[in-house]
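Give me the fold of what follows.
(one chain, ligands or ions: 1)
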Amino acid sequence: MSKIDIKSMTLEEIKNEVIKLQLPAYRAKQIYSWLQHKGVTDFEHMTNLSNDLRQKLNEKFFISNTNIEKRLASNIDNTVKYLYVLNDGKYIESVLMQYHHGYSMCISTQAGCKMNCSFCATGKGGFERNLLPSEMLSQIQTAQIDNNIRISNVVLMGMGEPLDNYDNVLRFLKLVSSEDGMNIGMRHISLSTCGIVDKIYDLMQEKLQLTLSISLHAPNDEIRNKLMPINKKWGINSLLKACKEYIEHTGRRISFEYAMINGVNDSIQCANELASRLHGMICHVNLIPVNSIENGQYQKSSKEHLYKFIEILEKNGITATIRRTLGSDIAASCGQLKGKHTKEVHN
Ligand code: SAH
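Sure thing, here's the model as predicted:
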């Protein structure tokens, strides 16, 4: 019988297991606290449990870990990039960022990614597997322990497509925000998607108070088809229709990510087209100068293009910002470190 992933279980579920083992209910709280608050990596560390109980737990359950394989700290800002290794030897990346309001962690939701966006380093490495809810929690816990800090914000913007691992991501969101767990409120969580439209409708039904970010990157199907294969399945019209309904249904503003790529999507015409598409929506546009990846054909837009683009959006009543680049000296963008590490190991 394969072991059960105990850190992905809610307090209620652990209580049921504890009852099955004919133990008093308070044991569940102790176990849950070790897993959620202290982020222990081994049942042996649960020192207020008897040896016998620790052994019983170890026979039935496992604790998923994210062990630090590489840690890169930026010399420019306080960004720390982690290359984590999972229990089965797969690698994922997370980034810890310090803002004036506290610490924010960008986590991965899959090892690799199926979406294959043409500008993204993760896609180039292919897809390995979905992450467990516990492995998403562990990314945060390991960084908290490593830096002796409490992380207040989480963004699901690392490797992988969160809505392509929907059930595990939803369970993670419920665990991480639960008051008896890590208690990171939904309003402090952002989820970024390339636009898996049917899952946006599912997420809408949950009415979560998180911030939904849409990786839009283009104002029309012609350009978006070239950048993001997912657009061939769900084009811009159906994506933006889902976004409008999402805003109506949840009352939450949507954030659109737009990587500015020289000569591809950064013209005045693109800005006007984007402005008219987003007209009347409660949204915000985040412009990100594209990070060129190894062998990538894309270059960052010039400052003039960025400012002109923003000016057009704002003139049309759409708020927009240029995203600050953190950790630019440590390959902090998603997929860059893993790609580099895999190459080093194989050379
Ligand atoms: N799959 C999700 C989340 C992971 S990617 C999504 O698509 O949103 C996180 C963000 O980084 C996305 O907005 C993605 O489009 C963007 N991104 C990926 N590679 C990039 C690059 N080279 N330059 C700028 N942004 C990039």
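
Need the pLDDT of N75.
In this model, N75 is scored at 88, pLDDT.

Likewise for the one 3 residues further on?
The pLDDT attached to N78 in the predicted structure is 85.

Now it: closest residue in space that isn't a chain neighbour?
Leaving aside its chain neighbours, N78 sits nearest to Q98 (4.0 Å; criterion: C-beta to C-beta, 6 or more residues apart in numbering). In this view, the C-beta of every residue, glycine as well, is placed from N, C-alpha and C.

was I right about the one you found contacting I76?
No - using C-beta atoms under 8 Å as the test, Q98 is too far from I76 to be in contact (11.8 Å).

between these two, who's got more neighbours?
Q98 (16 against 11; other C-beta atoms under 10 Å).

Any regions of this protein where pLDDT drops low?
For the chain, the stretches with pLDDT under 70 are 295, 326, 331-347.

quick revisit: would you verify that the residue nearest to N78 is located in a strand?
Yes - per DSSP: H, G, I helix; E, B strand; the rest coil, Q98 lies within a strand segment.

what pairs with the residue most central in space within the chain across the strands?
By C-alpha atoms, centre = their mean, the chain has its centre lying nearest to L156, at 1.6 Å. Beta-bridge partners recorded for L156 (DSSP bridges): L191.

what about stretch 88-108, how long is it end to end?
End-to-end distance of stretch 88-108 (C-alpha to C-alpha, to the nearest Å): 16 Å.

go on, stretch 190-206?
15 Å.

List the buried residues in that stretch.
Counting neighbours by 16 or more other C-beta atoms under 10 Å, one finds that the buried residues in stretch 190-206 are S190, L191, S192, T193, C194, G195, I196, V197, K199, I200, L203, M204.

quick one on the thing from earlier: relative to K226, how far out is the residue nearest to N78?
36 Å (C-beta to C-beta, to the nearest Å).

Next up, the contacts around L216.
Neighbouring residues of L216 by C-beta atoms under 8 Å, 6 or more residues apart in numbering: G195, R224, I236, L239, F256, E257, Y258, L274.

and which of these is nearest to the ligand?
Checking the contacts of L216 against the ligand with C-beta to the nearest ligand atom, the nearest one is E257 at 3.8 Å.

would you say the closest one is within a strand?
Yes - assessed by three-state DSSP, E257 belongs to a strand.

Secondary structure class of the closest residue to M228 other than its chain neighbours, three-state.
Sequence neighbours aside, C117 is the residue nearest to M228 in space, at 4.9 Å (criterion: C-beta to C-beta, 6+ apart). Assigned with three-state DSSP, C117 falls in the coil class.

what about C117, neighbour count?
20.

show me where the stretch 201-347 of the chain has strands.
Applying DSSP state E, counting those that start in this stretch to the stretch 201-347 of the chain gives strands spanning 211-215, 254-260, 283-289, 319-322.

now those strands as TSV including distance to the ligand and mean neighbour count?
TSV is the format used below for the strands of the stretch 201-347 of the chain (distance: least, C-beta to the nearest ligand atom, whole Å; neighbours: other C-beta atoms under 10 Å):
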stretch	distance to the ligand	mean neighbour count
strand 211-215	3	21
strand 254-260	4	22
strand 283-289	5	20
strand 319-322	12	16
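
one step back: so which of the buried residues of stretch 190-206 reach the ligand?
S192, T193, C194 (C-beta under 6 Å from any ligand atom).

isn't there a helix covering L173?
Yes - if the criterion is three-state DSSP, then L173 is within a helix.

thinking it is in contact with I189, fair?
Yes - using C-beta under 8 Å, L173 is in contact with I189, at 6.7 Å.

between the two, which one's more packed in?
Neighbours of L173 and I189, each counted by other C-beta under 10 Å, are more numerous for L173; the result is 23 against 20.

just to revisit the earlier point, quick one, which of the strands of the stretch 201-347 of the chain is nearest to H45?
In terms of C-beta to C-beta, the element of these nearest to H45 is strand 211-215, at 34.6 Å.

by how many degrees do the closest one and strand 254-260 diverge?
30 degrees (axes from the mean of the first three to the mean of the last three C-alpha atoms, to 10 degrees).

helices or strands up against strand 211-215?
strand 189-193, helix 236-250, strand 254-260 (3 or more C-beta pairs under 8 Å, 6 or more residues apart in numbering; DSSP states H and E).
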